[in-house]
Every structure is written in structure tokens, then in C-alpha cells.
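>>> just to be clear, the model below is a prediction. Sequence and coordinates:
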Amino acid sequence: MNAAAVAWPVNIGMAARMSGVSPKMVRHYESLGLLPAVGRTHSGYRQYSEPEVHTLRFIKRARELGFSMDDIAELAGLWNNRRRASSSVRRIAQRHSGQLAERIEAMQAMQRTLDHLIHCCHGDERPDCPILDDLAGLRV
């Protein structure tokens, strides 16, 4: 959607469509303080400006990369601070990358264990099963 052709401000449904997040998540991000309190119509409907929709896109992309809500709050604060040091942003990204590497290694270890258990399982009509034995805490 061409932002230049939009009549700003927009309602929550349009802000959600333009940013790619659901209206429920828009309200959630607002409740977390990731968005400033938005303007409202006389009847109480939320009104979103172009910068707020851009912030929603920022949040969506950060979520796609797996950043925590706390990290996103910090990153959004840095993004809005033109006097920021890029080293602060880099530190957050490096920490997150390290956490991802740890999770990947843990998942690879789980996969190796499962592959070993699958290899040990005869997969026939016999009742003995090393997979169940392992889950029960018995030695395989």
C-alpha cells in the first residue's frame, strides 16, 4: 500500500494491514509501551500516524528475527534516538545472535539423541522400545 496515497491518521485495522500485524498485536504493543499513546477520535477510536505504522513494521521485523520484547523496546528506543551509539545496537544484536547459537546447538543435540534412539528402535511388532525406555529414564 502506497503510504503517500493514505489519508493519515488511519484506524487500527488499516494500521494493522499496512504494518502486517494483527489489530490484537497492535493493541498489545501499545500496552507494552512500544508505541506511544496514540490519538483517539471523539468516539474513542484509535488513530495511527505514519511514524506509528512505521514503528509497527520495525517491531514486526524485530520479532521475525526473534528478538525478545525487552530487546525490541531497547532497539526501538535506540532507533528513535538519533544520538545513539551504534555500538549499543551491535551489543544487543550480538547477544541475541549468541542466544540463537545456544538454542540451535541445544536443538541439534536433541536431534542427535532422537536420531540415535530411532536407530536403536527395531520398529517392528516387538513391544520393547528404546525410545520409550529413554523417555522413562531407563538406560538405552
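Right, received. Where do you want to start? Residues are numbered from 1 along each chain as shown.

>>> how far does the one helix or strand Val26 maps to sit from the chain's center?
Val26 is part of helix 23-31 when elements are defined by DSSP states H and E. From the chain centre to the centre of helix 23-31 is a distance of 14 Å (Cα atoms, centre = their mean, to the nearest Å).

>>> after it, which helix or strand is next?
Under the assignment DSSP H and E, the closest C-terminal helix or strand after helix 23-31 is strand 39-40.

>>> note down every partner strand of that following strand and its orientation.
Sheet pairing of strand 39-40 (DSSP bridges) gives strand 46-47 (antiparallel).

>>> ok, residues contacting the strand it pairs with?
By Cβ atoms under 8 Å, 6 or more residues apart in numbering, the residues outside strand 46-47 that reach it are 9-12, 15, 30, 38-41. C-beta coordinates here come from the backbone N, C-alpha and C atoms, glycine included.

>>> apply 7 Å and report the result again.
Residues outside strand 46-47 that contact it (Cβ atoms under 7 Å, 6 or more residues apart in numbering) are 9, 11-12, 38-41.
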